[in-house]
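S.K.: Provided below for reference: sequence and predicted model.
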Amino acid sequence: MMHSYRSIDLYPHKCGVTPIEVGFVNEFSPWYYDGHTVWWGKRCKLRSEAEEAALNLKREVSKVGGFNIRQAKEEQCQARGKA
């Protein structure tokens with residue numbers, strides 16, 4: 001079982017699921033820490049879906065590399081500023 005996000009016990013390549021109260025039910029937000037940045041995924045209705053999404057997020061960030069993703073986001077922000 002994956003753990004909730006807590007900044008005090010992060011270590012590189014850790015992923016997990018954080019429950020979020022939405023009305024009377026919980027939704028779950030997957031996350032992954034690459035050693036520099038905490039990457040958050042889209043909320044899921046089921047914990048099992050969020051755990052799978054966290055593992056997918058870990059694979060995607062590891063495959064592309066966190067630096068490349070951050071650089072791409074910065075370029076998108078710069079492009080929006082020019083438009």
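M.R.: Perfect, I can see it now. Note that this is a predicted model, so its numbers are computed, not measured.

S.K.: so where's this protein shaky on pLDDT?
M.R.: 65-83 (pLDDT under 70).

S.K.: the strands in it, which residues?
M.R.: 14-22, 25-33, 38-40 (DSSP state E).

S.K.: okay, the ones you listed, which one's buried deepest?
M.R.: With neighbours taken as mean count of other C-beta atoms under 10 Å, those reach their highest mean count in strand 25-33, at a mean of 19. Quick note: C-beta positions are derived from backbone N, CA and C, even for glycine.

S.K.: quick one: the helices in this structure?
M.R.: Assigned by DSSP state H, the helices in the chain fall at 47-64, 66-82.

S.K.: Quick check: which of the strands of the chain is nearest to residue 51?
M.R.: Using C-beta to C-beta as the measure, strand 14-22 is the one of the strands of the chain that comes nearest residue 51, at 5.5 Å.
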